[in-house]
Each structure stands twice: as C-alpha cells, then as structure tokens.
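J.: give me coordinates for this.
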Amino acid sequence: MRSNLFNKKFLFSILIFQNLFYFLITFINFNSTRGTDFNKYGKYFDYFYTLEYGQTGLESGISYYWFVTRFFNLLKEPLLYSENNLESIKSASIQMANLFLFLIGLLGIHFLLKKTQNFKIENTLPILIILSIFPPLIGARMILKPEILVFCLLPWLLLFYFEYFNKKKSVYLLVSVPIVATLFSLKASITFILSLFLLITFNKNIFDKKFILYNLLSLILFSLIINENFVLNGNYLWEHVAPESYSTKAKIEYIYNLSINELWTNPYRDNLKNSMISILLTDTFGDYWQRYWFHYDGWGIKIEGNTKSKNFSGSLGVVKISILLSVIFYSSSIYYLFKEKNKKLFYLGISGFIGFLTLAVNAINLLSFFPKSFDVTKGDPMKTHLVSFLLAMTFVYLLIKLNIHKNLYRFAFTLIILNLFFVSMTNPLTLQDILNSQFYIDRLYSLIPCSLNSISITINPLCTPSEIIGSTSNYFIPDIKGFIVSRVSLISSFLVIAVYIFKNDNKNIF
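T.: Numbers count the residues shown, from 1 in each chain. From the prediction side, this is the model:
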C-alpha cells in the first residue's frame, strides 16, 4: 500500500512538473498574439474592453474567448503603468487559460478510463504524463483557438454518455446538456466533427428515447447561444466567411497521393500541398504549417532578422524524426484497431481517423451543400490542430495497447524519448538567455497577479505604482454585459464536472 501511494504521488509530481515546465517553455518562447488567426479572432479579446458595442463580423462562439479574458483580467494591472507588457500579458492569459482547460481534460480522460476500462489511478497517470507531451496538444495550448476547450469537455461528455447507457440514469443526460450546447456552438467545423464522431461512437444508441429527449434540451440551449452569438458577431455559426483563395476544392487524388521521396527530402510548407497524407505525417509530431515552434517571429527572439532558436522551418533531421514518429503512431494504431475486440477501446482508437475523414470530406467538398473552403495552392485546411482533441484519444488508445500503463520500462523509455525529441525540436531559450535579458525576466513577472503584492512585500515589480497612462485605459472598462446564456452554459459545464468528481467516491483520486 505504501509503495502504491508513493508511486501515485511520484507519478502525479511528474505530471504536474512536466506540464508546468512546458508551460514555461512555451510562454517564454512563444508570442501567442502571433499565433494562428490571432489577427482575426483577437477581436474577441478586445471586444470585452471597449465602449463600442459594434459587431465583430466573425462567426465563432463567444464562451471560449470570454473564459480567456477572465485570466487577462487577473493579470492586466501592470497595463495601468506601461503598455510594454501588453503582449506578454495577453500571451500569459491565453496560455494560462488553455493550461487550465487542458488539465480538466486530462482529469476527464482519467475518469473515462476508470469507468470504462476499470483503470486505477496508477494506470492512468503514466498515460496522462505521455499524453502531455503529444505535440498537437502542446500546440493547442499555445494559441487563441477553441479546440482546447473541446479537449477539455469532450472526455466528460463521453463519460456521461457511457454512464447513462450503462446505468440508464437520466441524471447523466441532464448534466451533459450544457456541455453539448457549449461544444456545438464553438465553431461550425467543430460541430460537424463532433456530430460525426458521436454518431459513429454511439450509433444506434442515439435513438434511445431519453437520449433524444434530453438532447432536445441541448438543442434549445444551443439555439439560445447561437442567437446570442449572432447579436455579438452579426453572423451565425455556419456563416463562415473564408478568404477568396479558399473558395476551391481538392481533387480526389489529394486524399491518397503520396510521394515518399518528396516527403522525405523536401517536407516543408507548401511543398506537400498535393498530398493530404504527407501533410498529416509532417504535421502530427512536427509543425508543417509553422504555427508554433517553427514560426519565424512567433518563437524565440529576433536578432538582426533571424530567430534566436535558429530553427525556422526546422532542421531536416528533426522533421524526418517527426515523420517517423507519425508513421509509427498511425501504423501501430491501425494494426491494433484491426485486432481490437473491445468496442469502447475501438471507438476511442478510431477517433483521430474520424477527424481526418471530416477534413477529407471538407477538402473535396463531398457535401456540396456546404460552401467550399479549401485552398489548392496550400493544401489547406489540413491541420492536425483542427482535430487535436480526437487525435489525443487515438494516442491514448495506442499507449494503452503498448501497455505503457503497466510496463515501467516502456513508460520510462517513451517519456525520455519524447521529451528529448520535443526539446530538440523546439530548441528553446536557455536559462542563461532568460536571466541575461530583462525582457524575459519581465515576461515571467507577467504571470504574477498584482494582488499578491502587499504593503511590505513586492512580488511583481511591474505592479509598482507610477504615473498612470491613458493608452491602455480601455482594458479597464467594465466588461460588456449580456450574453448570459453562453456564460452560464460554460460555467454549468465546469460545475457538473466538479460535482461528478466529488460525488463519485473519489476521495482517493491522487
């Protein structure tokens, strides 16, 4: 018993340390305001801090962006005295909010495996530790995009549905109502992906009368949220306005084209635009679209036009290793899926492939009543980020089949290899680089709320009162009121999760 307790505490310590370690690495090195589509969806950031009540002209759900701004409110006080920290405070709030959501998602996977596979905490912790260094999820934690909220809530939704179908207790359907409404109102692409995934996973069970009845409640709540979002945006969820270059569709060959020579010798952005398979193999463990650690001016500091990390586009050797890891991941998953007899594990394992199916359907515009949204000059959108929450499920499945949760040596080997690979790929700033730069020292101070300062102790010097400036005053305007349903739905989702945790004999979670 003492040995098991030690193992749990030791593994839990690794999980927390590793996630905090990579949070610090990504925050120090990455400017989230340079992340994917921030110039577009960053409008939601400023919307809460302006007296102008104009519409955004966008179409996404508000709940995720509102949640991120709660962290901005916690950290924004230094902006009273200087606008120099605006980027670091925005990046901190985005990455802190995303880390919080990520940890809730990890907890959801723990309970999902506990309830559906009878796993104990000492079995789930090794899986969660390895999952925490899965590159698509680390990337999702770095940018202002709602897919990380799907990773947060989806495991809980699956858990509540499985609990209902096993126990036939309506309460599980009732508590799933705000989660369904919140998830389906985030983005049209997320709605489509989740609809297909849930349809395949639960198939004929979705015709259960109570299941239909309670999801009618979800639909009503969803409709109210959609109406609120329309008031804010001026567009409905499905009225996505894509750039003109995205008004084409891919040829069917795009789905199965594969030039091994091109993939191996020239695996850089736009070179693989004619091959869905090649893009996915390069992007899963790497960064084909240069959104994260290969972002030219988003990752690292610029010195005379070059990045400090010197890995723009990534070294060919590192990219090749990422391709090999992707090949191992997908081929191994397919191998085990063909032999899988456990239905719940099977549906967990095919999750990522269902996500890719939706991307392929969109690329070739198979459902012609949907607008075209593909750019043939780039082969985009074909980003693993868009289905990262489903890819995570497939990754969990493979870790289970590899007995990572039972074999200490396999766990240790995988942990060391993936950590070494990720650090070598991202080539982050060293501790000496950070300590020798006041810019990065101040960046770290951006993580500390001013409320922790006291009369006698100054923890965050950025909060030291000086002359108050006016250029950032809009960030201190009281939040825009309204949009109650969206906020209540998200908060209710977190509350039902908390109630589930503390009401299901989980006194010994860790």
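
J.: could you report the pLDDT at Ala181?
T.: Looking at Ala181, its pLDDT is 95.

J.: I figured it was touching Leu216, is that so?
T.: No - the pair Ala181 and Leu216 does not pass the contact test of C-beta atoms under 8 Å, sitting 11.5 Å apart. C-betas here are computed from N, CA, C, even on glycine.

J.: looking at the two now, which is surrounded by more residues?
T.: Neighbour tally, Ala181 and Leu216, criterion other C-beta atoms under 10 Å: the higher count belongs to Ala181, 28 against 11.

J.: helices along the stretch 401-510 of the chain, start to end?
T.: 408-426, 431-435, 438-445, 484-503 (DSSP state H, counting those that start in this stretch).

J.: mind putting those into a markdown table with mean neighbour count, distance to Leu232 and mean pLDDT?
T.: Compiled in a markdown table, these are given as follows (neighbours: other C-beta atoms under 10 Å; distance: least, C-beta to C-beta, whole Å; pLDDT from 0 to 100):
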| stretch | mean neighbour count | distance to Leu232 | mean pLDDT |
| --- | --- | --- | --- |
| helix 408-426 | 15 | 36 | 93 |
| helix 431-435 | 12 | 39 | 86 |
| helix 438-445 | 15 | 32 | 88 |
| helix 484-503 | 17 | 9 | 92 |
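
J.: which one of those helices lies closest to Lys378?
T.: helix 408-426 (22.4 Å; C-beta to C-beta).

J.: for that closest one, packing partners?
T.: Applying 3 or more C-beta pairs under 8 Å, 6 or more residues apart in numbering; DSSP states H and E, we find helix 408-426 packed against helix 2-29, helix 121-131, helix 316-339.

J.: how about the shortest one: buried residues?
T.: If I follow you right, that is helix 121-131. Neighbour counts over helix 121-131 (16 or more other C-beta atoms under 10 Å) mark 121-131 as buried.

J.: for it, which outside residues touch it?
T.: 4, 7-8, 11-12, 14-15, 18, 106, 109-110, 113-114, 137, 392, 395-396, 399-400, 404-406, 411, 414-415, 418, 508-510 (C-beta atoms under 8 Å, 6 or more residues apart in numbering).

J.: what subset of the residues you listed is buried?
T.: 8, 11-12, 14-15, 18, 106, 109-110, 113-114, 137, 392, 395-396, 399-400, 404-405, 411, 414-415, 418.

J.: give me the number of residues near Val231?
T.: Neighbours around Val231, by other C-beta under 10 Å: 12.

J.: buried ones in the helix or strand that it is a member of?
T.: For Val231, the enclosing helix or strand under DSSP states H and E is helix 209-233. Residues 211, 214-215, 217-218, 221-222, 224-226, 228-229, 232-233 are the ones in helix 209-233 that count as buried (16+ other C-beta under 10 Å).

J.: make JSON lines from those and add distance to Tyr44 and pLDDT to it.
T.: JSON lines is the format used below for the buried residues of helix 209-233 (distance: C-beta to C-beta, whole Å; pLDDT from 0 to 100):
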{"residue": "Phe211", "distance to Tyr44": "33", "pLDDT": "90"}
{"residue": "Tyr214", "distance to Tyr44": "30", "pLDDT": "91"}
{"residue": "Asn215", "distance to Tyr44": "28", "pLDDT": "90"}
{"residue": "Leu217", "distance to Tyr44": "27", "pLDDT": "93"}
{"residue": "Ser218", "distance to Tyr44": "24", "pLDDT": "92"}
{"residue": "Leu221", "distance to Tyr44": "21", "pLDDT": "94"}
{"residue": "Phe222", "distance to Tyr44": "19", "pLDDT": "92"}
{"residue": "Leu224", "distance to Tyr44": "19", "pLDDT": "93"}
{"residue": "Ile225", "distance to Tyr44": "15", "pLDDT": "92"}
{"residue": "Ile226", "distance to Tyr44": "16", "pLDDT": "93"}
{"residue": "Glu228", "distance to Tyr44": "13", "pLDDT": "89"}
{"residue": "Asn229", "distance to Tyr44": "11", "pLDDT": "88"}
{"residue": "Leu232", "distance to Tyr44": "9", "pLDDT": "85"}
{"residue": "Asn233", "distance to Tyr44": "9", "pLDDT": "82"}
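
J.: looking at the residues you listed, spot the one nearest Gly57.
T.: Closest approach between those and Gly57, by C-beta to C-beta: Asn233, at 6.9 Å.
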